[in-house]
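Participant: got a structure for you, letters missing:
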């Protein structure tokens, strides 16, 4: 993704509306929903309609990624339609509205936030049979992709997407602000206390920079502290199934041990002790002047402040590498480290990929297009500029990051390999209601200073959402 394609600055995976064509095409973007009124996605015609989470001007520039596919399938055309929104829940609302109006696409670009939502509603086509049929063609792909990313794309034992990108919640920092505070690079196993000490040293230096900042949303938020503290908003479990996949593609991989048929999000635990303690910590940081009042939404403002050297540390993923570079930050002016340890050093991540809509009358051709995008060659074309993290480890090289930084780029993928407990963000079928409630209650807690009361409210919100679907 180059900064000249998407207009808005980089938000997580995000990037979807930010910085690069790759995000939208590679699944960093949103679920592709509705096509324009002139499209013919459900007619079984010679057009494959793909909707991406961006504006239409940016979507129009994605046609080049379809050229090889169109050449291999004479007479077929791929049409990209863009739909913008504030964040995932807003985009999903627009998507579902258009599907209900009978205007669904053939292919939807879906991130973790929406996978279970659309699978549970019966709108997404399972890929199991296609993957089994083409297993020999896909072996090199699966051998190159960490099994945690594959499992995140499963629901109730079925695979719905091939991951095209992901981003783990690491910690970015300004090298100059840390150096001015007399601090070097944090150790790989740094702790919450180490983080606090660094933030305090930055604060004592004075100036306009905030030691730490974050954004109110599910990914890249205080939820990273929640994971590090051993908490979660929902009870964690796994769906049965998926043995055929693990036995076929990961028979001798220790990282696949215990993998099943996708994450099963159970009863809400939003007001459990570890969760309350994590949000309380954010309130403490704000009261002590170590953190600013967080914005709600995709994170464009946050990255802009970081690029202006106004933030010492912040949660960011691989997409920040290209995003900060595109914003003018020089190589060496920022770096990245694993998220600090609290009770654990568990990280969260979000992934993206293409889903095929069950209503499509071109499912076989849609599969061929989806399959074509996960080759290393095509991923490289789709996602230039380091505006996301490649799912294929072989593509993560020093040469690739030499143009953008950060120096310790290896952190992005090594988060999966060094911290096997790392898991996707909790995104159940009622994600939309959950996202709205999370934003509301987090803002309430930061304004009132009362984490427990706000999270009691969130617990009630999630219990209601779970019952009503």
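Facilitator: Sure, I can see it. Predicted model, so just to flag it, every value in this text is computed and none were measured.
Participant: Name the nearest residue to the most centrally placed residue in the chain, sequence neighbours excluded.
Facilitator: Nearest residue to the geometric centre of the chain (CA atoms, centre = their mean): residue 350, 3.2 Å. Spatial nearest neighbour of residue 350, chain neighbours left out: residue 112 (4.4 Å); criterion: CB to CB, 6 or more residues apart in numbering. The way it works is simple: take the backbone N, C-alpha and C, and place the C-beta from them, glycine included.
Participant: What confidence value was assigned to the one you found?
Facilitator: Looking at residue 112, its pLDDT is 94.
Participant: thinking again about what came up before, can I assume the residue nearest to the centre of the chain is in contact with residue 425?
Facilitator: Yes. Here residue 350 reaches residue 425: they are 5.5 Å apart, a contact under CB atoms under 8 Å.
Participant: Mind listing the shared neighbours of the two?
Facilitator: Listed as contacting both residue 350 and residue 425 by CB atoms under 8 Å, 6 or more residues apart in numbering are 112, 113, 219.
Participant: quick check, nearest of those residues to residue 463?
Facilitator: For the shared contacts of residue 350 and residue 425, the closest approach to residue 463 (CB to CB) belongs to residue 113, at 20.2 Å.
Participant: Name all residues that make contact with the closest one.
Facilitator: By CB under 8 Å, 6+ apart, the neighbours of residue 113 are 88, 89, 92, 218, 219, 350, 425, 427, 431, 435.
Participant: So which of those residues is surrounded by the most neighbours?
Facilitator: residue 88 (31 neighbours; other CB atoms under 10 Å).
Participant: Flag the shaky bits of the protein, pLDDT-wise.
Facilitator: Scanning the chain for pLDDT under 70 picks out 1-44, 86, 88, 297-298.
Participant: Work out the sheet partners of the longest strand along the chain and label each with its direction, please.
Facilitator: What stands out as the longest strand in the chain, according to DSSP state E, is strand 348-356. Here strand 348-356 has these sheet partners by DSSP bridges: strand 107-111 (antiparallel), strand 163-168 (antiparallel), strand 423-424 (parallel).
Participant: which parts of the second one are buried?
Facilitator: What that stands for is strand 163-168. 163, 164, 165, 166, 167, 168 (16 or more other CB atoms under 10 Å).
Participant: how about CSV for those residues, with distance to residue 421 added?
Facilitator: Listed next are the buried residues of strand 163-168 as CSV, based on distance: CB to CB, whole Å:
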residue, distance to residue 421
163, 19
164, 24
165, 22
166, 16
167, 18
168, 12
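Participant: farthest-separated two in those?
Facilitator: 164 and 168 (15.5 Å).
Participant: How about the contacts made by residue 291?
Facilitator: Counted by CB under 8 Å, 6+ apart, residue 291 has contacts 199, 210, 211, 212, 213, 214, 282, 285.
Participant: if I look at the first one, how far off is residue 284?
Facilitator: With distances taken as CB to CB, to the nearest Å, residue 199 is found 11 Å from residue 284.
Participant: out of those two, which sits in the more crowded spot?
Facilitator: residue 199 (22 against 14).
Participant: What sits closest to that one if chain neighbours are left out?
Facilitator: Nearest to residue 199 is residue 211, by CB to CB, 6+ apart, at 3.7 Å.
Participant: Check residue 310 too.
Facilitator: Counting by CB to CB, 6+ apart, the residue nearest residue 310 is residue 209, at 5.3 Å.
Participant: same check, this time on residue 189
Facilitator: In space, residue 189 is closest to residue 341, 6.3 Å off (CB to CB, 6+ apart).
Participant: For the one you found, list each beta-bridge partner.
Facilitator: According to DSSP bridges, beta-bridge pairing links residue 341 with residue 191.
Participant: I'd say it and residue 228 touch.
Facilitator: Yes. Using CB under 8 Å, residue 341 is in contact with residue 228, at 6.5 Å.
Participant: Of the two, give the one with the bigger neighbour count.
Facilitator: residue 228 (25 against 19).
Participant: need the contact list for the more buried one.
Facilitator: Contacts of residue 228 by CB under 8 Å, 6+ apart are 192, 278, 339, 340, 341, 342, 343, 344, 345, 346, 347.
Participant: Let me have those residues in a markdown table, adding distance to residue 182 as columns.
Facilitator: Formatted as a markdown table, the contacts of residue 228 follow (distance: CB to CB, whole Å):
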| residue | distance to residue 182 |
| --- | --- |
| 192 | 20 |
| 278 | 28 |
| 339 | 23 |
| 340 | 19 |
| 341 | 22 |
| 342 | 24 |
| 343 | 28 |
| 344 | 29 |
| 345 | 25 |
| 346 | 30 |
| 347 | 28 |
